[in-house]
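A.B. asks: when you get a sec, could you give me coordinates for this:
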Amino acid sequence: MERKLGYWALLALVIGNMVGSGIYILPAQLAPLGWNQFAGWGITIVGALALARVFSALGARLPLAGGPYAYATAAFGPLAGFTTAWAYWVMSWVGNAAVAVAVVSALSLIFPALGTTTGAPALLAVACVWIVTLINIRGVREAGRLQEVTVVLKLLPLVALIGIAVWLWLTGSPRAPDPAVPFTADNIALAAGLTFWGFLGLEAATVPADKVENPGRNIARATMMGVILTGLVYFGISFAFALYMPVSEAAASPAPIASFLGRYLGGDVAIAVALFAAISAFGTLNGWVLVQAEMPWAMAKGGVFPAWFGVEGKHGTPVRSHLVSSGLLSGITLLNYQKGMTDLFGFIASVSLSAGLVAYLMAALAALRIARDSTLTLLAALVAVAFFCWAEYGLGGEAITYAALLIAAGLPVYLWVRNARAS
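C.D. replies: Numbers count the residues shown, from 1 in each chain. As a prediction, the model looks like this:
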């Protein structure tokens, strides 16, 4: 009997892919932006909810493997589908490098030697990649179980942090100095671009749609509920940092969530929370490794990618797609580890986001064509299109250039497969 993902595993996949390295690292990236980050969060949450509505509607209408790829193909044809899938695949394995970095960044608070031993962080990050790859090769049910456990563990310190901030507010504790960063369009755009990193994965339920129980109902429920719960957690965390964590401390910390809790509960707590942060990022890595392998498998099944990627192993998982995707992920992790951990995370996250926004934009455009009979979905799609164009601008020229080059690199593959099939 084929084993599939139920609603709770699917909800865990959605939340787990969003809540992970992002919220455990982003406070350090956002701290220098001051209160601009809240304008960014507000815009991002609106955009994320609009996109969640788009994916919920499309997932119910077209419960097909590949998610964004399937929708773009149905709406605009194989070239658009390939471009969408390739951009999403690039986002997945490039972004997973940042997630692997986040695992090591958290562990460096527990084992300081990791930050000073040459080569150790890179090797440990790659080891984490291959551990979760082997788990995913064993089957989606095993990956789903791991995701359910890590989601619970990763939320515990986040809820504790919000609780401490509420207690500090109720007791009138002194607040952190206001950095007095001016509100500007560029700062808000940069904040929106960075904060959307925390919502990458909201479409995770649609990608393995052929492996989901009752996909027409469960995909929509898991997607919308996952985005709502995640948005509430993110906003609470950001307010806690803005009110009770000095900008200089937040910006300099490799694991700001652990530093916040350590500041108010003691250094031993910071070490424990760093372990939770590592587990959180590890769980996110698990979910994204599942997703990154599904996309080339779906492309191969759709005839726009080499058929070699469509071969499944004895557990019904895309083994070859897993091996290639994790190999590329390992390569980008090793090649860029001359950067510091925080700088490396920011650079990779920006490039990954820039590529991923193309895939999300294509999904929103597909909804404008496929879901014409739903006014709410059309409105959500228009909001999402406007958000993605603005967020892409906010990421800056360097990230856009790198992402464009990575996406353009897929065109020869498409032409080669098309010519091979034609002959």
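A.B. asks: surely Trp169 touches Phe239?
C.D. replies: No - counting by Cβ atoms under 8 Å, Trp169 does not reach Phe239; the two are 9.0 Å apart. For glycine as for every other residue, the C-beta is placed from the backbone atoms N, C-alpha and C.
A.B. asks: which one of those two has more residues nearby?
C.D. replies: Phe239 (17 against 14; other Cβ atoms under 10 Å).
A.B. asks: find the nearest non-adjacent residue to that one, please.
C.D. replies: With Cβ to Cβ, 6 or more residues apart in numbering as the criterion, Phe239 has its nearest non-adjacent residue at 6.7 Å, and that residue is Ala165.
A.B. asks: how many residues are close by the one you found?
C.D. replies: 22.
A.B. asks: let's see the strand or helix carrying Ala72 as CSV, backbone CA atoms only.
C.D. replies: Assigned by DSSP states H and E, Ala72 belongs to helix 68-76. C-alpha atoms of helix 68-76 as CSV (Å, rounded to 0.1, in the frame of the first residue of the first chain):
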residue,chain,number,x,y,z
PRO,A,68,4.2,25.9,-9.5
TYR,A,69,5.6,23.9,-12.4
ALA,A,70,2.3,22.1,-13.0
TYR,A,71,0.3,25.4,-12.8
ALA,A,72,2.6,27.4,-15.2
THR,A,73,2.6,24.5,-17.7
ALA,A,74,-1.2,24.2,-17.6
ALA,A,75,-1.6,28.0,-18.1
PHE,A,76,1.2,28.9,-20.5
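A.B. asks: what element comes up after it heading to the C-terminus?
C.D. replies: helix 78-110.
A.B. asks: now the angle from that next one to helix 68-76?
C.D. replies: Per axes from the mean of the first three to the mean of the last three Cα atoms, to 10 degrees, the angle that helix 78-110 makes with helix 68-76 is 160 degrees.
A.B. asks: what comes up buried for helix 78-110?
C.D. replies: Within helix 78-110, the residues scored as buried using 16 or more other Cβ atoms under 10 Å are 78, 80-110.
A.B. asks: and for stretch 218-238?
C.D. replies: Result for stretch 218-238 [16+ other Cβ under 10 Å]: buried residues 218-227, 229-231, 233-234, 236-238.
A.B. asks: which of those residues fall in helices?
C.D. replies: Judged by DSSP state H, helices contain the following of the buried residues of stretch 218-238: 218-227, 229-231, 233-234, 236-238.
A.B. asks: point out where this structure drops to low pLDDT.
C.D. replies: Along the chain, the parts satisfying pLDDT under 70 run over 1-3, 20-22, 115-116, 118, 140-144, 146-148, 209, 267, 336-346, 348.
A.B. asks: mind naming the longest helix for it?
C.D. replies: helix 267-301.
A.B. asks: convert the C-alpha atoms of the following helix or strand past it to PDB, please.
C.D. replies: Downstream of helix 267-301, the first helix or strand assigned by DSSP H and E is helix 319-335. Extracted C-alpha coordinates of helix 319-335, given in PDB (Å, rounded to 0.1, in the frame of the first residue of the first chain):
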ATOM      1  CA  VAL A 319      16.600   8.900  -5.800                       C
ATOM      2  CA  ARG A 320      18.500  10.300  -8.700                       C
ATOM      3  CA  SER A 321      16.900  13.700  -8.300                       C
ATOM      4  CA  HIS A 322      17.800  13.600  -4.600                       C
ATOM      5  CA  LEU A 323      21.400  12.800  -5.400                       C
ATOM      6  CA  VAL A 324      21.900  15.500  -8.000                       C
ATOM      7  CA  SER A 325      20.100  18.200  -6.000                       C
ATOM      8  CA  SER A 326      22.000  17.500  -2.800                       C
ATOM      9  CA  GLY A 327      25.300  17.300  -4.800                       C
ATOM     10  CA  LEU A 328      24.700  20.800  -6.200                       C
ATOM     11  CA  LEU A 329      23.700  22.000  -2.700                       C
ATOM     12  CA  SER A 330      26.900  20.500  -1.200                       C
ATOM     13  CA  GLY A 331      28.900  22.200  -3.900                       C
ATOM     14  CA  ILE A 332      27.600  25.700  -3.400                       C
ATOM     15  CA  THR A 333      28.000  25.300   0.400                       C
ATOM     16  CA  LEU A 334      31.700  24.300   0.000                       C
ATOM     17  CA  LEU A 335      32.500  26.900  -2.700                       C
END
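A.B. asks: list the helices and strands helix 319-335 packs on?
C.D. replies: Under the contact definition 3 or more Cβ pairs under 8 Å, 6 or more residues apart in numbering; DSSP states H and E, helix 319-335 sits against helix 78-110, helix 120-138, helix 267-301.
A.B. asks: what about it, distance to the chain center?
C.D. replies: Relative to its parent chain, helix 319-335 has a centroid offset of 17 Å by Cα atoms, centre = their mean, to the nearest Å.
A.B. asks: on that earlier part again, show me what the longest helix of the chain is packed up against.
C.D. replies: Packing partners of helix 267-301 (3+ Cβ pairs under 8 Å, 6+ apart): helix 7-18, helix 21-30, helix 68-76, helix 78-110, helix 120-138, helix 140-170, helix 256-265, helix 319-335.
A.B. asks: so which of those helices comes closest to Ala420?
C.D. replies: helix 78-110 (13.7 Å; Cβ to Cβ).
A.B. asks: compute the inter-axis angle for the closest one and helix 267-301.
C.D. replies: Orientation note: helix 78-110 sits at an angle of 160 degrees relative to helix 267-301 (the same axes, to 10 degrees).
A.B. asks: which residue ranges of the stretch 301-423 of the chain form helices?
C.D. replies: Assigned helices in the stretch 301-423 of the chain, in chain order: 319-335, 341-370, 375-395, 397-408, 411-422 (criterion: DSSP state H, counting those that start in this stretch).
A.B. asks: adding mean neighbour count and distance to Leu261, write those helices out as TSV.
C.D. replies: Formatted as TSV, those follow (neighbours: other Cβ atoms under 10 Å; distance: least, Cβ to Cβ, whole Å):
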stretch	mean neighbour count	distance to Leu261
helix 319-335	20	28
helix 341-370	23	19
helix 375-395	19	30
helix 397-408	16	31
helix 411-422	12	46
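A.B. asks: kind regards, and thank you for your time.
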